[in-house]
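K.L.:
Pasting the sequence and the predicted model now:
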Protein chains: 2
Amino acid sequence: MVRALTISLGVHMNQIIRKVIIAVSLLWVCEASGDLRATGDLGVVIERETASVQIVNTSKPAVLSRIEGLGDLSHASVVFSRDQRYAYVFGRDGGLTKIDLLLDKIDKRVIQAGNSIGGAISQDGKLIAVSNYTPGGVKIFSADTLEQLAEIPASYGEENKLSKVVGLVDAPGQHFVCSLFEANEIWLIDAKNPREPSVKKFKDIGKQPYDALLSPDGHYYAAGLFGEKGLALLDLWQPEKGVEPILEDYGKDDEQLPVYKMPHLEGWTMAGDWLFVPAIGQHEVLVIDKRDWALVKRIPVAGQPVFVSGRPDGRQMWVNFAFPDNQTVQVIDVKDFNIIKTLQPGKAVLHMEFSPRGEAVWLAVRDEDSVMVYDTETFAETARLPAYKPSGVFFSDRANRIGW
Amino acid sequence: MVRALTISLGVHMNQIIRKVIIAVSLLWVCEASGDLRATGDLGVVIERETASVQIVNTSKPAVLSRIEGLGDLSHASVVFSRDQRYAYVFGRDGGLTKIDLLLDKIDKRVIQAGNSIGGAISQDGKLIAVSNYTPGGVKIFSADTLEQLAEIPASYGEENKLSKVVGLVDAPGQHFVCSLFEANEIWLIDAKNPREPSVKKFKDIGKQPYDALLSPDGHYYAAGLFGEKGLALLDLWQPEKGVEPILEDYGKDDEQLPVYKMPHLEGWTMAGDWLFVPAIGQHEVLVIDKRDWALVKRIPVAGQPVFVSGRPDGRQMWVNFAFPDNQTVQVIDVKDFNIIKTLQPGKAVLHMEFSPRGEAVWLAVRDEDSVMVYDTETFAETARLPAYKPSGVFFSDRANRIGW
């Protein structure tokens, strides 16, 4: 129709009309991107039940948009691209979704496995690795296109069975590290050649590693053991020394806890000389001396701790709890290991995320349909944002951190 | 609009022309902002002699633009806004310039003093503080508008003389900390009420503090002393304990070095249990145990060290040198304190900045008119960008760091 109109006008109207069409598209594009948006203070809130995420701004604070269609977000985790423009969401159903934080939309999405448990982004930001239960193994993707670059089946033993892979983290030197649940192994993956990664395997590291953590400097990788007490420690500065057992009194007691009752190691925090750990099945937070892995102190708390999260300056530890105490949050002063505050934000505080320099903490309070923001100095609630059953909060400064 | 056009044709030509003008302006605006740009991987390169800065992208790597008219950039330093959209450049001439990293232009610029030596951004990102020589004191500005909110003259003694202010850093709890050169004092500024900041003064902390550093967790503030040996240490977790002397053998020897020959403390790095320090007037890097401030090791190096900069994972220390050895850079492996690499990037390596997760380091090589990028694993030069006599490199992830 526009073309017909142009012809009938005869003059140079067609050019004018083209400009108008460009104007409208540009208006649309510019509006789609909103005001010019920087990406240093953005975050993502996981809404598990509605398979959606919110994009949030932590300076205002405000919800910017909601993105839907992300599949099963149970135990979902998130990493961020090097420029902090994209969030990669790892879903339980094997879905890997790349979200554009500037355009408020899904950039790409693939179903890369049948059952997945988490992922990591490489040191240079170019690779995404995902750890899978089914089929057991690690897959490596281009962070840009989500093209699959490599598949590393977690095969073990004489029959080459496939093990579930857990505790996958990035490490310096373009490495990934992960643990194999049934195989009792830790794998150090060198992804410098991403289409042909090399794997150094550490065998018989302890029974059934079920989760792991990396120290904030990328120096130590520790895997929790489901099949026995203690943890398996790999010193990444000296991998030739092999894996050593530590904290041999920590872990399962006689009672056979199912895996999902075991505290995930992302709930552990290293700060200064200390490692803060939720005790299993106890109303205690354990303080461990990082230099010799000895237990220094047991801090009595209000319930069974889930996450012990450190304020970025390491001065405070915030603790949330399992049901029936999950309406409570307690704050430990690291200076003297005393509890300095007990808060009751609301029902089902599932996750906590600190602002990069620690002045605020955001709580996902599922049963209140709210994300609550607290001042970490005054302990006052400073903002409350609506969210559908929020289960996790992740900020874009994670892009700069090792092993997150 | 196409519909309106169909109806009115020649009658409403003025409207059409207006649309065209909007189209062109929009094209211009969108082009000015370039492609949609995220801010997590941006940086600023200081070009002292031309009073300009470059905006760079660290993922590509590439120069995005050059901004001119920044005044005297000797000893210039840079902090970044919370959203990483803006860089605040502190010039020696008292100029405070706010640069828009998305629109490639100066957003605001004020001359706030006669002679200035550095600045900091508050924990919540809302305040900019500047430390001035003339008139001696600290000024606090709105990070948004650069409106002056408070002036704190550095007056001391019975005559209320004004002291030069040095070593200004941000600290947790919306604090700033600084040192007063002539007054021999350290000031802890609480800026929660920015128009009426309160100041806690520590007096007689040692003779002539000339610079200072904050530990990466915001726990310790240490000021170097020009008038005597040693450093003055303030434990910010326990300020009631007052300031204590440490490293009492460190510092000036009998020879009276001028201030500008004293190594600036931003060249010191805390990593793990260690503090790495350039020795004064010696070809040595000192390793100090952070727990008792005892000297652990002297590492012989290729010249008089200026900066001892830690890779973000703390595994490597990169050292540059004063003239006549400033074409050399050495790398120390923190594992065993051995020098594992000696590089000759080019003449006058003045500054080094690591990418957030440490895979790369950028060197400002003044006399080669180049910024050189090195892979920290292979030590290969991976990129070289042109710059006019570059003297400093600052990346936007500093927004997330305490005390930078």
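P.N.:
Thanks, I have the structure now.
K.L.:
The stretch 201-350 of chain A against chain B: which residues are in contact?
P.N.:
A:217, A:218, A:219, A:237, A:238, A:271, A:272, A:312, A:313, A:314, A:315, A:335 (Cβ under 8 Å from any Cβ of the partner chain). In short, each C-beta sits where N, CA and C put it, glycine included.
K.L.:
Hmm, which of these is lowest in pLDDT?
P.N.:
Lowest in pLDDT among these is residue A:272, which has 85.
K.L.:
tally of neighbours for it?
P.N.:
16 (other Cβ atoms under 10 Å in any protein chain shown).
K.L.:
any idea what sits nearest it, other than its immediate chain neighbours?
P.N.:
Closest residue to residue A:272 apart from its sequence neighbours, by Cβ to Cβ, 6 or more residues apart in numbering or on different chains: residue A:314 at 5.3 Å.
K.L.:
which SS state does that neighbour fall under?
P.N.:
coil (DSSP: H, G, I helix; E, B strand; the rest coil).
K.L.:
That one touches residue A:273, doesn't it?
P.N.:
No - using Cβ atoms under 8 Å, residue A:314 and residue A:273 do not qualify as a contacting pair, with a distance of 9.8 Å.
K.L.:
So between these two, which is more surrounded?
P.N.:
The neighbour comparison of residue A:314 against residue A:273 (other Cβ under 10 Å) goes to residue A:314, with 25 against 17.
K.L.:
who's in contact with that one?
P.N.:
A:271, A:272, A:334, B:217, B:219 (Cβ atoms under 8 Å, 6 or more residues apart in numbering or on different chains).
K.L.:
Relative to residue A:217, how far out is the last one?
P.N.:
Same thing as residue B:219. Distance of residue B:219 to residue A:217, given as Cβ to Cβ, to the nearest Å: 16 Å.
K.L.:
now the third one
P.N.:
Look at residue A:334 and residue A:217: by Cβ to Cβ, they are 18 Å apart.
K.L.:
try the fourth one
P.N.:
Note on residue B:217: its distance to residue A:217, by Cβ to Cβ, is 12 Å.
K.L.:
before we move on, the earlier item: narrow the contacts of residue A:314 to just the buried residues.
P.N.:
A:271, A:272, A:334, B:217, B:219 (16 or more other Cβ atoms under 10 Å in any protein chain shown).
K.L.:
Looking at those, which is nearest residue A:128?
P.N.:
residue A:271 (28.2 Å; Cβ to Cβ).
K.L.:
right, and that closest one touches residue A:310 too?
P.N.:
Yes - Residue A:271 is within contact range of residue A:310, at 4.6 Å (criterion: Cβ under 8 Å).
K.L.:
what touches both of the two?
P.N.:
A:317, A:334.
K.L.:
ok, and what's touching stretch A:360-368?
P.N.:
The contact list for stretch A:360-368 (Cβ under 8 Å, 6+ apart) reads A:43, A:45-46, A:58, A:61, A:309, A:311, A:318, A:320, A:329, A:345-355, A:371-376, A:382, A:387, A:389-393, A:395.
K.L.:
if you set the cut-off to 7 Å instead, what comes out?
P.N.:
Among residues not part of stretch A:360-368, those counted as contacts by Cβ atoms under 7 Å, 6 or more residues apart in numbering or on different chains are A:45, A:318, A:329, A:345-354, A:371-376, A:382, A:389-393.
K.L.:
And for stretch A:98-109?
P.N.:
By Cβ under 7 Å, 6+ apart, stretch A:98-109 touches A:32-33, A:37, A:39, A:42, A:53, A:55, A:64-65, A:67, A:69, A:85-89, A:95, A:97, A:146, B:36, B:38.
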